[in-house]
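Peer 1: Next comes the sequence, and after it the predicted model I'd like to discuss.
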Amino acid sequence: MSKYKAYPQVNLHERQWPNNRITRHPLWCTVDLRDGNQALAQPMNIQEKERMFNLLVEMGFKQIEIGFPSASQIEYDFLRTLIDNNMVPDDVAVQVLTQSRKHLIERTVQSLKGVKRAVLHLYNSTSEQQRRITFRKNKEEIKQIALEGTQNVIDLLDELENTELIFQYSPESFTGTELEYAVEVCDAVIDLWDPAKRGKMIINLPATVELSTPNIFADQIEWMIRHLKRRDEVIISLHTHNDRGTGVAATELGLMAGADRVEGTLFGNGERTGNVDIITLALNMYSQGVDPGLDLHNIPRIRRIYEETTRMHVHERHPYGGDLVFTAFSGSHQDAISKGMALVDKDPQSRWDVPYLPIDPQDIGRSYEAIIRINSQSGKGGVAYVLENEYGLKIPRSLQPEIGTHINSISDQLVRELSSSEIKHAFDREYVNRRDKLALAEYALSRGHHSGDVNFHGSVELEGTEYPVEGTGNGPISAFMNGLNALFDLQMSVAEYEEQAIGAGSATEAAAYIRVEARDGHSIWGVGRDTDTSAAQFTAILSAMNRWKSMEFRVHPHAVPAGATAAGSSSSGEAGRE
Ligand SMILES: CC(=O)SCCNC(=O)CCNC(=O)[C@H](O)C(C)(C)COP(=O)(O)OP(=O)(O)OC[C@H]1O[C@@H](n2cnc3c(N)ncnc32)[C@H](O)[C@@H]1OP(=O)(O)O
Ligand SMILES: CC(C)C(=O)C(=O)O
């Protein structure tokens, strides 16, 4: 392993940042139109840039790096379009990047003419590696590049006298720069600019390439903040990349170390593995009760514009914005989420407290629909959640396990996810209003004058033949059950019963869930749905009986088909059951 070497630790005594918290959002600057754009295989055209710019303004960014106007005509023209068409709101500063080279600085200043607010961002690389390989210059010569560029800007200030200008300097490749040297260059630039005379300036400390663990980056930021001579006169900014996949963590720790400002992009687009993702950073703050200072209430729209303008794709697992990040397929997650959501429904004002969902998807324009999706990893809670949330069906708790197993086995067989309509269809087909053999034909209910008992008078159809059913009980359900027991010579009872109304007004339907039990303890569920509550109950009982695979419906020897005379009865004459 001699090809690579470990990144050195920072010699920082009594570091403070681990004790700090992020209690307010930083000053945000988006670099989508510059660092993001320069990393695209097909950079945005002017219309796409305008669309992105308008989105960034809508989201509430007050500093927007719009490009590198001295680099190409399209970059220059885009800035001119924004300025000449008054597209930059008064409270927004456009930021432009330039290398520390006179002719590029002159062209940059030229491009800014007439703008109300601007950040002029000057950079040169300071790392040991770039000094040695790219510039072939020593430390003093590299510092001079920064100072000459700063002086070039100062010399041109008169050209921008009507612009509120903030000067920004980046020691590019800061994370590869010795800290003593980085602070020496920054101090020299600050002294030359002299914020007391020319207004506040920004020192932007980039992790141009992310080279270390985030704690080391935080140490570097705290070290710089402690050692800069005129820290109070400058805004400390972070510009992090994600080479090690820890750009968000590094930025968060950098903020804990005292930085004031963050540059990043939507969904982390940018060179190589990207810039830090501002949306993730901001929503991480939001999830901790910190106002992120950006309008993120419609992430799907932000994502759509981002994808259309950059031609990049937001990964399904991308924090907050990915298709699957508020979705649970696995049973135990679904169970916990549906229980948490039920508590939220009871008290919508309560603090957000749902397992597996760090924030309420609705806060950022994501819907609840996709929270629980069903495949062979799913369990009863998830299936019940889908049936309730999408179809209003409140499945009794003791019925949920078998529905879960039923749906799970279908998904297992198909080897794929089931849509909510497939789940509903499978549920209906298995449980609801079954009339495979036995169906309700007609009925009437009456109440005994003295006893208060209910009498069921009606008929059922068994495989095309209609048989009268007469029964009495303490309510319609038991009256019907007793009538069926007499007709089929059975001894069944209703073991569980739940009912709900679905819909509203004249379209209201009753759903009855009934578990029918035989004398030997075997039981089976059925569901009835009807606009008539009693019909729903009777149908639920018949659905259960129809589901009872081993049941043979043999009518009592004395039963007579409706319309036939007793003598002409042709019933099978055998008592039958499972
Ligand atoms: C980390 C970042 O993202 S930084 C931003 C990177 N983005 C871009 O570079 C996109 C836009 N850039 C460009 O289009 C071009 O680089 C231009 C138009 C700005 C300049 O093009 P060129 O003049 O051809 O120069 P090029 O960029 O190749 O740089 C070469 C020279 O500039 C020097 N240089 C590079 N960066 C800087 C800098 N920030 N400050 C001063 N000199 C610099 C190099 O040392 C090199 O010098 P040399 O010719 O003496 O060896
Ligand atoms: C110009 C600088 C800030 C940059 O883009 C980087 O270091 O990544």
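Peer 2: Structure's in. What do you need? Numbers count the residues shown, from 1 in each chain. Ligands and ions are numbered 1, 2, ... in the order given.

Peer 1: For whichever residue of the stretch 301-450 of the chain sits closest to ligand 2, list the residues it contacts.
Peer 2: Residue nearest to ligand 2 within the stretch 301-450 of the chain: Thr310 (16.9 Å; C-beta to the nearest ligand atom). Quick note: C-beta positions are derived from backbone N, CA and C, even for glycine. By C-beta atoms under 8 Å, 6 or more residues apart in numbering, Thr310 lies in contact with Asp32, Gly36, Asn37, Leu40, Met44, Glu48, Met52, Asn269.

Peer 1: Mark which of those are buried, thanks.
Peer 2: Asp32, Gly36, Asn37, Met44, Glu48, Met52, Asn269 (16 or more other C-beta atoms under 10 Å).

Peer 1: Show me where this structure has its strands.
Peer 2: 27-30, 63-67, 93-99, 117-125, 164-172, 201-207, 234-240, 261-264, 438-447, 454-462, 465-473, 493-502, 509-517, 523-530 (DSSP state E).

Peer 1: Quick one: those as TSV, columns for mean pLDDT, distance to ligand 1 and mean neighbour count too.
Peer 2: Converted to TSV, the strands of the chain look like this (pLDDT from 0 to 100; distance: least, C-beta to the nearest ligand atom, whole Å; neighbours: other C-beta atoms under 10 Å):
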stretch	mean pLDDT	distance to ligand 1	mean neighbour count
strand 27-30	98	14	23
strand 63-67	98	9	26
strand 93-99	98	3	23
strand 117-125	98	4	24
strand 164-172	98	5	22
strand 201-207	98	7	25
strand 234-240	98	9	25
strand 261-264	98	11	27
strand 438-447	96	74	15
strand 454-462	97	78	21
strand 465-473	96	82	19
strand 493-502	97	58	16
strand 509-517	97	61	22
strand 523-530	97	63	22
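
Peer 1: what's Asp32 in contact with, if anything?
Peer 2: Met52, Leu56, Thr265, Leu266, Asn269, Thr310.

Peer 1: which of these lies closest to ligand 2?
Peer 2: Thr265 (10.7 Å).

Peer 1: circling back to that earlier point, out of the strands of the chain, which comes closest to His558?
Peer 2: strand 465-473 (11.1 Å; C-beta to C-beta).

Peer 1: now the residue of the stretch 1-150 of the chain found nearest ligand 2, nearest residue through space, not along the chain?
Peer 2: Across the stretch 1-150 of the chain, the shortest distance to ligand 2 (C-beta to the nearest ligand atom) belongs to Tyr123, at 4.2 Å. With sequence-adjacent residues excluded and distances taken as C-beta to C-beta, 6 or more residues apart in numbering, Tyr123 is closest to Ser170, at 4.0 Å.

Peer 1: Over to Tyr356?
Peer 2: His333 (5.1 Å).

Peer 1: Burial check on that neighbour, number of neighbours?
Peer 2: 21 (other C-beta atoms under 10 Å).

Peer 1: Alongside ligand 1, which residues does the protein contribute?
Peer 2: Contacts of the chain with ligand 1, taken as C-beta under 6 Å from any ligand atom, map to 35, 38, 68, 71-72, 99-101, 104, 123-124, 134-135, 145, 172, 208, 271.

Peer 1: thinking again about what came up before, out of the contacts of Asp32, who's nearest ligand 1?
Peer 2: For the contacts of Asp32, the nearest to ligand 1 is Thr265 (11.9 Å; C-beta to the nearest ligand atom).

Peer 1: which ones are touching the closest one?
Peer 2: Thr30, Val31, Asp32, Asp35, Gly36, Gly274, Asn275, Val276, Asp277, Ile278.

Peer 1: Looking at the buried ones among the contacts of Thr310, which are in helices?
Peer 2: Asn37, Glu48, Met52 (DSSP state H).

Peer 1: okay, Ile371: pLDDT?
Peer 2: In this model, Ile371 is scored at 83, pLDDT.

Peer 1: when you give positions from now on, start the count at 52
Peer 2: Let's use 52 as the start, then, which means that last one is Ile422.

Peer 1: Would you mind confirming that Asp504 is in contact with Ser529?
Peer 2: No: taking contacts as C-beta atoms under 8 Å, Asp504 lies outside contact range of Ser529: 9.1 Å.

Peer 1: closest to Ile276 out of the strands of the chain?
Peer 2: Using C-beta to C-beta, the nearest of those to Ile276 is strand 285-291, at 6.1 Å.

Peer 1: Could you list the residues in contact with that closest one?
Peer 2: 77-78, 80, 82, 86, 219, 221, 241, 246, 251-259, 261, 268, 272, 275-276, 279, 298, 301-302, 305-306, 309-315, 326-327.

Peer 1: Report the distance from that strand to the chain centre.
Peer 2: The chain centroid and the centroid of strand 285-291 are separated by 29 Å, computed with C-alpha atoms, centre = their mean, to the nearest Å.

Peer 1: That strand and ligand 2 in contact?
Peer 2: Yes: with C-beta under 6 Å from any ligand atom as the criterion, ligand 2 is reached by strand 285-291 at His290.

Peer 1: Okay, now the sheet partners of that strand, with direction.
Peer 2: Using DSSP bridges, strand 285-291 pairs in its sheet with strand 252-258 (parallel), strand 312-315 (parallel).

Peer 1: what's around the closest residue to Val520 other than its chain neighbours, how many residues?
Peer 2: If the residues on either side of it in the chain are set aside, Val520 comes closest to Gly534, at 3.9 Å by C-beta to C-beta, 6+ apart. Per other C-beta under 10 Å, the neighbour tally for Gly534 reads 25.

Peer 1: low-confidence ranges in the stretch 202-351 of the chain?
Peer 2: For the stretch 202-351 of the chain, not a single residue meets the criterion pLDDT under 70.

Peer 1: any idea how the protein splits into domains?
Peer 2: The record's domain parsing of the chain by the TED database lists 77-361, 382-415, 432-482, 489-598.

Peer 1: List the buried residues of the shortest one.
Peer 2: Of all the residues in domain 382-415, those buried under the rule 16+ other C-beta under 10 Å are 382, 384-389, 391-392, 395, 405, 408-410, 412, 415.

Peer 1: The closest residue to Ile217 other than its chain neighbours bridge partners, please.
Peer 2: Spatial nearest neighbour of Ile217, excluding adjacent residues (C-beta to C-beta, 6+ apart): Val170 at 4.6 Å. With beta bridges defined as DSSP bridges, Val170 has these partners: Gln146, Ile217.

Peer 1: Show the contacting residues for Val170.
Peer 2: Counted by C-beta under 8 Å, 6+ apart, Val170 has contacts Cys80, Gln114, Glu116, Ala144, Val145, Gln146, Val147, Leu216, Ile217, Phe218, Gln219, Ile253.

Peer 1: do you know how far it is from Thr201?
Peer 2: As for Val170, its distance to Thr201 is 14 Å (criterion: C-beta to C-beta, to the nearest Å).

Peer 1: again with Ile254
Peer 2: Taking C-beta to C-beta, one finds Ile254 at 12 Å from Thr201.

Peer 1: what is in contact with the two at once?
Peer 2: With C-beta under 8 Å, 6+ apart, Ile254 and Thr201 have common neighbours Tyr220, Val240.

Peer 1: Show me what from the stretch 252-401 of the chain comes close to ligand 2.
Peer 2: Asn255, Pro257, Thr259, His290, His292.
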